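Participant: my questions concern the predicted model and sequence given below.
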Amino acid sequence: MTPLNDRLADLTRDMRAFLALLEKEALALASGDAEGLSRLVAERQNLSLGIADHWKAIAGLLGLPPQAGFSVLRDKAASDPAARPGAWRELENLSREASRLNQVNGRLIEEQLRRNQAAMQVLQSAAANRGIYGADGRVSDF
């Protein structure tokens, strides 16, 4: 394998792991598992940094700037006789699926925020309309 194909394989491996993490994140969001989400945040951060490093390395191997888009990298890599077009197709499919799952997770987060805001309004309204409980357990109008 060439350095480019090695990096592409590493990127594809990390994208698969990222996709699995997004699926776990969706389950944690849907079930309201805040503790599970906390653990996933660090893992997501590490994977994102690794993916960015692979991307920069691939761009560098192709003589392109790190911010080069997917199609630019893919087209430039296609000119390499050792390039594997199937690997780029797989990476593109993984990227599409990750984008879709990220959008789903974003909607789940928005819904959770709406529920939390509604609960906060109910609690604030109840606190404003009632007194505070004293040490004896009775409502006091401080």
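Facilitator: Perfect, thanks for sending it.
Participant: going forward, measure contacts between C-alpha atoms and count neighbours the same way
Facilitator: Noted.
Participant: can you map out the helices along this protein?
Facilitator: Per DSSP state H, the chain carries helices over the ranges 3-31, 34-61, 70-78, 85-129.
Participant: so which of the ones you listed gets nearest residue 136?
Facilitator: Nearest to residue 136, of all the helices of the chain, is helix 85-129, at 18.0 Å by CA to CA.
Participant: name the helices or strands packed onto the closest one?
Facilitator: Using 3 or more CA pairs under 8 Å, 6 or more residues apart in numbering; DSSP states H and E as the contact criterion, the elements in contact with helix 85-129 are helix 3-31.
Participant: got a markdown table for the helices of the chain, with distance to residue 138 too?
Facilitator: A markdown table is the format used below for the helices of the chain (distance: least, CA to CA, whole Å):
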| stretch | distance to residue 138 |
| --- | --- |
| helix 3-31 | 36 |
| helix 34-61 | 34 |
| helix 70-78 | 65 |
| helix 85-129 | 14 |
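Participant: and these, which is most packed in?
Facilitator: helix 3-31 (a mean of 18; mean count of other CA atoms under 10 Å).
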